[in-house]
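Participant: take a look and give me a structure for this.
(one chain, ligands or ions: 1)
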Amino acid sequence: AMPVLADEPAANAIDQDQRMEWWRDARFGLFIHWGLYSIPAGEWQGNTNHAEWIRHTAHIPLETYNQYTDEFNPTEFDADEWVKMAKQAGMKYLVITSKHHDGFCLWPSDQTEFDVSSTPFDRDIMGELKEACDKHGLKFCMYHSIMDWHHPDYLPRREWEKDRPADDADYDRYVTYMKAQLKELIERYDPAVLWFDGEWEGTWTHERGIDLDEYCRSLKPDIIVNNRVDKGRRGMAGLNAEGTDWRGDFGTPEQEIPATGVPGVDWESCMTMNGHWGYNKLDKNFKSTTDLVRKLIDIASKGGNYLLNVGPMANGEFPEESIERLAEMGAWMDNNGDSIYGTTASPCPMPEWGRVTRKGDRVFLHVFDWPADGKLVVPFAAEVTSCKLLAAPQRTFETNATPKGLELMLTGDAENSIASVVELTIDGEVKPIK
Ligand code: H79
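Facilitator: Numbers count the residues shown, from 1 in each chain. A predicted model of the protein is given here:
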């Protein structure tokens, strides 16, 4: 056979820009952390600050934690309801924990008994969600933890683990298990994204990352994989270290938003609505809808995606506070989503009054602080052909070119207290002014 040239793409490799097209347009997705940990709901022996890490943070013995499989019975679970809430919020994709660090599988896996088929709720949760996503036009995606505190072959052990003997553990055998599971997930549920996590432990290596990335791609050539498949991620900032050709299609800032855009790099900030990923019954410290929408705008203005989390309860329902916020974000998105979907990063420095996004010949000004005197300076020079409110296009405004930038003469009150979006149509270039 002909030798394959080093710079020749694999036969099944699909161009990255092509694979990432829907993802870049989507901008807004729902993260779901759900598993056995939703049953203790954050509480263990009087301590109430736990969540999806509860087995680790409360040092729960394996045999004790395993007993939650007898209790997992989310009779109120309705995949259609969940997906409809995401859709109405304006989200374009959904990422759910097929398996978190505790090792429990939310689909009936042929590879383990530690799965939903060993619970009273013997239903294919992943299958139901995939079907609902297809029905409502959302991309169905999966989070899958590399770290696994349950599998006998996973290494290393935590220092407090006394009940999972390490003597006969074989990490290669664990990786074989994980790959067999991923084959099940890809073949049965066809996830658009695989969102890996728990890659930071010393047992996971760059070589293993390359192998896993190629394995997933061999099963589904257009799959999108996050950078946690490999070892490039640097801390919670989530972007890759420079100097190595790390695998993964996008960076993963966690609970933070980059200070500026990152030209040429795809990234997605994942964030909680309150202070936990998994359900915590006492955590009522929810961000306001205004805060959440402005985070989405801030992220879009920097060219990133926002993956916003909900931690459903053990009965299968979303917490009331999450339902409210999704609905309220949706109300803003209904009128203003055109300024988010399919946009690219701001063409100018970040102004004090808000944020800026762009789509072709249109520039969107997200005004957080509506000026009392009506004067708004946008730090770029451009030929403006129209200037109006996106959600109330009958309200048009005058613009003047000044040395500091384009000056808008806003009239009337803010259209929306979260963010009023002014839509500019531009003829020709947009020249930023520093
Ligand atoms: O699934 C949610 C959390 O349970 C999980 N990721 C999100 C999406 C999560 N795992 N760990 N953490 C969050 C915080 C862990 C931080 C650390 Fe590290 C791991 C500190 C040291 C090792 C990451 C890697 C940050 C620095 C190095």
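
Participant: tell me the span between the first and last residue of stretch 42-55.
Facilitator: 10 Å (Cα to Cα, to the nearest Å).

Participant: same question but for stretch 237-254, I mixed them up
Facilitator: Across its full length, stretch 237-254 reaches 7 Å between end residues, using Cα to Cα.

Participant: do the same with stretch 152-172
Facilitator: End-to-end distance for stretch 152-172: 12 Å, by Cα to Cα.

Participant: can it be found next to the ligand?
Facilitator: No - using Cβ under 6 Å from any ligand atom, stretch 152-172 never reaches the ligand; the gap is at least 12.5 Å. Where you see a C-beta, it was placed from the backbone N, CA and C, and this is true even at glycine.

Participant: quick check: beta-bridge partners of residue 381?
Facilitator: Beta-bridge partners of residue 381, counted by DSSP bridges, are residue 431.

Participant: in the chain, which spans are helices?
Facilitator: For the chain, applying DSSP state H gives helices covering 16-26, 54-57, 62-66, 68-71, 79-89, 125-136, 171-189, 206-219, 289-301, 320-336.

Participant: could I get these as TSV with mean neighbour count and mean pLDDT?
Facilitator: Shown next, in TSV, are the helices of the chain (neighbours: other Cβ atoms under 10 Å; pLDDT from 0 to 100):
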stretch	mean neighbour count	mean pLDDT
helix 16-26	14	97
helix 54-57	21	98
helix 62-66	15	97
helix 68-71	16	98
helix 79-89	20	99
helix 125-136	19	98
helix 171-189	17	98
helix 206-219	17	98
helix 289-301	21	99
helix 320-336	18	99
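
Participant: so which of those helices comes closest to residue 363?
Facilitator: Among the helices of the chain, helix 289-301 comes nearest to residue 363, with 11.0 Å by Cβ to Cβ.

Participant: and the angle for the closest one with helix 320-336?
Facilitator: 50 degrees (axes from the mean of the first three to the mean of the last three Cα atoms, to 10 degrees).

Participant: from the contact counts, what lies against helix 289-301?
Facilitator: strand 268-271, strand 305-310, helix 320-336, strand 354-359 (3 or more Cβ pairs under 8 Å, 6 or more residues apart in numbering; DSSP states H and E).

Participant: let's have those in JSON lines, adding distance to the ligand.
Facilitator: Putting these into JSON lines (distance: least, Cβ to the nearest ligand atom, whole Å) gives the following:
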{"stretch": "strand 268-271", "distance to the ligand": "5"}
{"stretch": "strand 305-310", "distance to the ligand": "8"}
{"stretch": "helix 320-336", "distance to the ligand": "16"}
{"stretch": "strand 354-359", "distance to the ligand": "25"}
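
Participant: per-domain residue ranges of this protein.
Facilitator: Per automatic domain parsing, the domain ranges recorded for the chain read 16-339, 354-432.

Participant: how about the helices of the chain in CSV, adding distance to residue 405?
Facilitator: CSV is the format used below for those (distance: least, Cβ to Cβ, whole Å):
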stretch, distance to residue 405
helix 16-26, 28
helix 54-57, 50
helix 62-66, 58
helix 68-71, 58
helix 79-89, 34
helix 125-136, 42
helix 171-189, 49
helix 206-219, 44
helix 289-301, 16
helix 320-336, 23
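
Participant: how long is stretch 387-400 end to end?
Facilitator: 11 Å.

Participant: what does stretch 202-209 give?
Facilitator: By Cα to Cα, the extent of stretch 202-209 from end to end equals 12 Å.

Participant: show me the contact partners of it.
Facilitator: Outside stretch 202-209, the residues that touch it by Cβ atoms under 8 Å, 6 or more residues apart in numbering are 146, 155-156, 171, 175, 198-199, 229-231, 244, 246-248.

Participant: okay, now residue 98: neighbour count?
Facilitator: 27 (other Cβ atoms under 10 Å).

Participant: near the ligand, which residues of the stretch 51-200 of the chain?
Facilitator: Counting by Cβ under 6 Å from any ligand atom, the stretch 51-200 of the chain sits next to the ligand at 52-53, 197, 200.

Participant: out of the residues you listed, who's nearest the ligand?
Facilitator: Nearest to the ligand among those: residue 200, at 3.8 Å, using Cβ to the nearest ligand atom.

Participant: so how far is residue 231 from the closest one?
Facilitator: 8 Å (Cβ to Cβ, to the nearest Å).

Participant: who has more neighbours out of the two?
Facilitator: Taking other Cβ under 10 Å, residue 200 and residue 231 do not tie; residue 231 has more neighbours (23 against 12).
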